[in-house]
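Participant: pasting a predicted model and its sequence here:
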Amino acid sequence: MSIINKAALRNAIIGMAAALSASAAVAGDISGAGSTFYFPIAAKWADSYKKETGNGLNYQSIGSGGGIKQIKAKTVTFGASDKPLKLEELNEVGLMQFPAVMGGVVPVVNIKGIGAGQLVFDGAILSDIFLGVITSWNDPKIKKLNPSITLPSSKIAVVHRSDGSGTTFLFTDYLAKVNSQWRESVGSNSAVEWPTGIGAKGNEGVAGVVKQTDSSIGYVEFAYAKQNQMSFTKMINKTGTAVAPDADSFQAAAANADWSKAPGFYLILTDQPGSASWPIVGAPFVIIYKQPKDPAALLEALKFFDWTYKKGAKQADALDYVPMPAAVVELIEASWKSNIKDASGAPLWK
C-alpha cells in the first residue's frame with residue numbers, strides 16, 4: 001500500500017471514529033452536521049457554551065454536502081454548508097440560511113525546507129497545478145514567482161477533497177474566476193471531476209494526507225493549517241499584491257460583503273477587490289427549517305447561534321475567523337423573527 005493510500009485510510013478511520021463519537025452525544029444536545037470549514041470554531045464555541053449554559057452541541061463534521069442532505073432529511077436541527085443555497089432551492093423545501101462566521105481557504109504544501117508563507121502563488125499557477133498542467137515544483141512558472149527559493153524537481157502530489165465540500169466550492173469558484181480553462185473544463189461546485197490528484201475526506205483528511213506526503217499540495221480552511229502547523233502559501237490577489245492568509249486579509253475581503261442586498265443571504269466572497277484582500281474567503285452557512293418539526297430544538301439552536309454572535313468573537317479571532325459584524329447579526333436575527341414559526345404560526349424567535 002502506498003504512503004498516500006495508507007494516509008487516506010488512516011484519515012478515513014479517524015473520520016469514522018469522530019462520527020461515531022458525535023453520534024454518541026447526549027440526546028438533548030443541539031444537533032447539527034456539515035461543513036468541516038465550520039468545525040474548528042463550532043467546537044470552540046460549543047465547549048464554552050456548554051460550560052456557561054449546560055447545553056451541548058452534537059456537530060458531525062461530515063462536509064457541506066452531507067450537511068445539506070441531513071437537514072433536508074430532517075435528521076438534524078441544522079445543517080452547515082460553505083456553499084450557500086440559492087433562494088429558489090431554499091424556498092422549494094421550506095428552508096432558510098444565514099452566515100455563521102467568515103474565514104479563508106488556503107493552499108498548503110509539504111516541501112522539504114519550505115516554511116509557512118515562503119512560497120507565493122497566483123491564481124494561474126494554482127489552477128494549472130490542480131489541472132495537472134504544472135507537474136513539478138521546479139516548473140519555470142513557479143520559479144519565476146519565487147526566484148529566491150530553491151525548489152526541488154520532484155513531482156507534485158495533488159490532494160483534493162473526495163466528499164461534497166463547501167471548501168471545494170470556494171476553492172473551485174476562485175479557480176474558475178481566474179482561469180478560463182478551469183471554468184470551461186472543471187467548473188465550480190462542491191464536488192467536481194478532478195483532472196488530477198487523490199482525494200481525502202474533510203479538511204481533516206486533506207490536512208492529514210498533505211502532512212504525510214512529501215512534495216504535496218492541498219487546500220484547507222486556515223484553522224486546520226494553523227492547528228496542524230502546516231506550510232501555507234501566500235497568494236497574489238486581484239490587485240496583483242502578494243498577501244498572507246490571516247484575520248486581517250480575510251477581513252479585508254469580507255468588508256466587501258453587502259449582506260443587506262443578498263436575498264436569502266446568498267453571497268460568495270472569492271476574488272474580492274482590495275490590495276489587502278485574501279482571494280479565497282467564504283462563510284459557513286447555517287441551514288434550518290422555517291417551520292421545524294421540533295420547534296423547541298430549533299429554539300435551543302437559535303439561542304446557541306445568538307450566543308456565538310454576541311460572545312464568541314474572541315474565540316473566532318483566535319482561530320483567524322472573522323466574526324459577523326453587529327449590523328449583519330441584526331439582519332440575521334430579524335430574518336429569524338420574520339421567517340421561523342412555531343406550530344401555531346407565531347414567531348419562534350422573539
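Facilitator: Nice, I can see it. Numbers count the residues shown, from 1 in each chain.

Participant: show me what contacts the residue most central in space within the chain?
Facilitator: Nearest to the mean C-alpha position of the chain, by C-alpha atoms, centre = their mean, lies Phe37 at 3.2 Å. By C-beta atoms under 8 Å, 6 or more residues apart in numbering, the residues touching Phe37 are 64, 82, 103, 105, 166-167, 203, 221, 282, 284. Any C-beta I mention is one placed from the backbone N, CA and C, and that applies to glycine too.

Participant: next, it: phi, psi?
Facilitator: Torsion angles at Phe37 (phi, psi; degrees, to the nearest 10) stand at phi -60, psi -40.

Participant: from Ser165, how far off is it?
Facilitator: Distance from Phe37 to Ser165, counting by C-beta to C-beta, to the nearest Å: 8 Å.

Participant: name the residues contacting each of the two.
Facilitator: Residues touching both Phe37 and Ser165 (C-beta under 8 Å, 6+ apart) are 64, 82.

Participant: filter the contacts of Phe37 down to the buried ones.
Facilitator: The neighbour count (16 or more other C-beta atoms under 10 Å) marks 64, 82, 103, 105, 166-167, 203, 221, 282, 284 as buried among the contacts of Phe37.

Participant: between those, which sits nearest Ala318?
Facilitator: Distance to Ala318, by C-beta to C-beta, is smallest for Gly103 among the buried ones among the contacts of Phe37, at 12.3 Å.

Participant: about what we covered before: got CSV for the contacts of Phe37, with secondary structure and distance to Lys112 too?
Facilitator: Formatted as CSV, those follow (DSSP: H, G, I helix; E, B strand; the rest coil; distance: C-beta to C-beta, whole Å):
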residue, secondary structure, distance to Lys112
Ser64, helix, 33
Asp82, coil, 32
Gly103, strand, 29
Val105, strand, 24
Gly166, helix, 32
Thr167, helix, 26
Asn203, helix, 24
Glu221, strand, 25
Gly282, strand, 31
Pro284, coil, 34
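
Participant: which one of those residues is nearest Ile268?
Facilitator: Gly282 (6.9 Å).

Participant: could you measure from the closest residue to the closest one other than its chain neighbours over to Gly104?
Facilitator: Nearest residue to Gly282, sequence neighbours excluded (C-beta to C-beta, 6 or more residues apart in numbering): Leu170, at 4.2 Å. Leu170 sits 9 Å away from Gly104, going by C-beta to C-beta.

Participant: which residues do the two both contact?
Facilitator: In contact with both Leu170 and Gly104: 280-282, using C-beta under 8 Å, 6+ apart.

Participant: return the member of the residues you listed nearest to Leu175.
Facilitator: Distance to Leu175, by C-beta to C-beta, is smallest for Ile280 among these, at 9.1 Å.

Participant: quick one: residues in contact with stretch 140-151.
Facilitator: Against stretch 140-151 from outside (C-beta under 8 Å, 6+ apart): 111, 113-114, 118-122, 124-125, 128, 134, 137-138, 236.
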